[in-house]
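In: build me a model from this:
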Amino acid sequence: MLSFFFVVVSADILYILLTIFACRAEKGKMEENQVCLKDVLELLPVESLNKIVPATRTLFLLSSTSKAMRAVVKNVDAVVNAKIGGSVFRNGAGLLDKLNGLNVWCKVIALCLKNCELGEGEGQAIASALSVNTTLTKLDLGDNQLGEGAGQAIASALSVNTTLTELHLAYNRLWEDGGQAIASALSVNTTLTVLDLGGNQLGEDGGRAIASALSVNTTLTKLDLTCNRLGEGKGDNQLGEGAAGQAIASALSVNTTLTELHLGGNQLGEDGGQAIASALSVNTTLTKLYLSYDAAGRVIASDVNSTRGRWISLVDALGEDGD
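Out: Numbers count the residues shown, from 1 in each chain. Below you'll find the model as predicted:
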């Protein structure tokens, strides 16, 4: 009778029923003589279980995990998200213990810890795990407070990691030192294809370091450098408008893998814009370019040779499309 039930009910409906079953079991509302969901799942052949639930399963990090749910994700690929609002692992408490526990009974391939109030210590701990991890392909640590030290630790991990393909580090206060460390990692990393460094105030030195890395990196296809003050010098290094833009232009002249680049909110200046426009006339792979509606953006957008065959977006300070 049980076998007939699994054959007739659609996979989507059955998955919902199994989830309800698990919730009821956890709350102790089931009769003692009723079979446990975990036992039911373990009776199923692997082929049947794979038809019932998705091949890749999404989990939310909670303070505790039921045996039934562990049975559902046992030995499969898992996408793991922090609870919405970041209230479960505030300041990273217990985070790594939970992640290590997850890796015992499933294969975590994507991890989202966005806006979890993670600090430098948690960032460094995650970096240590990343340096030896061989399953994770996507990591989102955006909107935390990792700081320069964690940025440098993550950069060290990227230098040896060979499986991560997508990394989001937006708005983490990485500053120039963190940006330069990430740039060094990009010079040797051969697996990362997507990198988001937006809103980290990398500064002109950080921007030039990233540009230098792009000259030798052969795997990165999408890079977000939005709002990083790349056009601003600092201290004794007042290089003036356009230096970072010119460095990026030099990289684009030789880079053959980047297809999407975000440069908005960086005040690269007219000279930087002209240099990038010239580089785009010889670059044959970049297809999407996001710019601010400023001096650099207007110069690039008006250059017919640089815009031909590309999708270029000009956005003003309010986030509205320019012309």
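
In: beyond the one helix or strand residue 122 maps to, next helix or strand please.
Out: Element membership for residue 122 (DSSP states H and E) is helix 120-130. Scanning the chain past helix 120-130 towards its C-terminal end, the next helix or strand to appear is strand 138-140 (assignment: DSSP H and E).

In: for the first helix or strand past that following strand going along the chain, what is the average pLDDT?
Out: Under the assignment DSSP H and E, the closest C-terminal helix or strand after strand 138-140 is helix 147-160. Per-residue pLDDT values across helix 147-160 average out to 97.

In: before we move on, what about stretch 77-86?
Out: With pLDDT averaged residue by residue, stretch 77-86 scores 63.

In: same question, stretch 307-315
Out: Per-region confidence: stretch 307-315 scores 76 on mean pLDDT.

In: repeat for stretch 121-134
Out: When pLDDT is averaged along stretch 121-134, the result is 90.

In: re the thing from before, show me what the helix holding residue 122 packs onto, helices and strands only.
Out: helix 95-105, helix 147-160 (3 or more Cβ pairs under 8 Å, 6 or more residues apart in numbering; DSSP states H and E). Every C-beta, even on glycine, is put in place using the N, C-alpha and C of the backbone.

In: give the buried residues for it.
Out: Counting neighbours by 16 or more other Cβ atoms under 10 Å, one finds that the buried residues in helix 120-130 are 120, 122-127, 130.

In: out of the residues you listed, which is nearest to residue 199?
Out: Distances from residue 199 to these, taken as Cβ to Cβ, are shortest for residue 123 (15.8 Å).

In: burial count for the residue nearest to that closest one when sequence neighbours are not counted?
Out: Setting aside the residues directly before and after it, residue 123 is nearest to residue 150 in space (Cβ to Cβ, 6 or more residues apart in numbering), at 2.6 Å. For residue 150, the number of neighbouring residues by other Cβ atoms under 10 Å comes to 27.

In: tell me where the stretch 151-300 of the chain has helices.
Out: Under the criterion DSSP state H, counting those that start in this stretch, the stretch 151-300 of the chain contains helices at 175-186, 203-214, 243-254, 269-280, 295-302.

In: got the angle for the first one vs helix 203-214?
Out: Just to be clear, that refers to helix 175-186. Interaxial angle of helix 175-186 relative to helix 203-214 (axes from the mean of the first three to the mean of the last three Cα atoms, to 10 degrees): 0 degrees.

In: give the rounded mean pLDDT of stretch 279-295.
Out: Along stretch 279-295, the predicted local confidence has a mean pLDDT of 90.

In: how much space between the closest residue to residue 153 other than its chain neighbours and residue 102?
Out: Distances taken as Cβ to Cβ, 6+ apart put residue 127 closest to residue 153, at 3.7 Å, once the chain neighbours are dropped. For residue 127, the distance to residue 102 under the criterion Cβ to Cβ, to the nearest Å works out to 18 Å.
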